[in-house]
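Asker: can't give you the sequence, but here's the structure:
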């Protein structure tokens, strides 16, 4: 998947436990990321 | 998955967890399960929607869920109180620089996870095929890799 859908994913903001916002795409801007979406925490 | 984080790091990648619970619950998740990988909260489920994850009662009561649950229990895993929408499924993806999805496993039902070996093999293959530029920087003692090939 590449293109608008992947770019839309990259622009999504998630929140760290300290409350800080992180842009998803920044996580894999310079190295691959294994992104595990959990059913739930716990 | 968290058990293979060091192997993921050794392949010049990172493991990241996203959950649908609150940021505070993400903190508890990291603390309670001694997770060393970063974990983030996506209460809006925007990432889940973008990756077209499954959601609904049928995916949560799939017959294979019972089998996977029994296997997990026998393996010593116990599910604690759920922290997030209980009918939401997840999955595992590998994202490359340049916003490319290079691997995807969208969970069909609870407990439908790819094996860690599958993930590590995919990462190793990607590193072999796609990481073509390695520049040594003797002064800094660092290696630079180009994943955009």
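Answerer: Yes, it's here. Just so we're clear, the structure is a prediction, and the values are computed from it rather than from any experiment.

Asker: where does residue A:27 fall, phi/psi-wise?
Answerer: When read as degrees, to the nearest 10, the backbone of residue A:27 gives phi -70, psi -30.

Asker: Provide a list of residues in contact with the closest residue to it other than its chain neighbours.
Answerer: Closest residue in space to residue A:27, ignoring its immediate chain neighbours: residue A:33 at 5.1 Å, by Cβ to Cβ, 6 or more residues apart in numbering or on different chains. In this view, the C-beta of every residue, glycine as well, is placed from N, C-alpha and C. The neighbours of residue A:33, taking Cβ atoms under 8 Å, 6 or more residues apart in numbering or on different chains as the test, are A:27, B:13-16, B:94-95.

Asker: what about those, which are in strands?
Answerer: Taking DSSP state E, the ones among these that sit in strands are B:14-16, B:94-95.

Asker: tell me which element residue B:18 falls in.
Answerer: Per DSSP states H and E, residue B:18 falls inside strand B:14-19.

Asker: any residues touching that strand, and which ones?
Answerer: Outside strand B:14-19, the residues that touch it by Cβ under 8 Å, 6+ apart are A:14, A:27-28, A:31-38, A:40-41, B:1-2, B:4-5, B:8-9, B:25-26, B:29, B:35, B:37-42, B:47, B:83-84.

Asker: does the helix or strand that it is followed by come close to chain A?
Answerer: Note on strand B:14-19: by DSSP H and E, the next helix or strand toward the C-terminus is helix B:23-32. Yes: remark: helix B:23-32 sits within contact range of chain A at B:23-30, B:32, by Cβ under 8 Å from any Cβ of the partner chain.

Asker: ok, back up a step: and of the contacts of residue A:33, the nearest to residue B:145?
Answerer: Taking Cβ to Cβ as the measure, residue B:13 is the one of the contacts of residue A:33 closest to residue B:145, at 10.4 Å.

Asker: skipping adjacent residues, who's closest to the closest one in space?
Answerer: Take residue B:13 and drop its neighbours on the chain: the residue closest to it by Cβ to Cβ, 6+ apart is residue A:32, 4.1 Å away.

Asker: OK, contacts around that neighbour?
Answerer: For residue A:32, the contacting residues are B:11-14, B:94-97, B:102, B:123, B:126-127, B:147, taking Cβ under 8 Å, 6+ apart as the criterion.

Asker: before we move on, what about residue A:31?
Answerer: Residue A:31 sits next to B:12-14, B:97, B:145, B:147 when contact means Cβ under 8 Å, 6+ apart.
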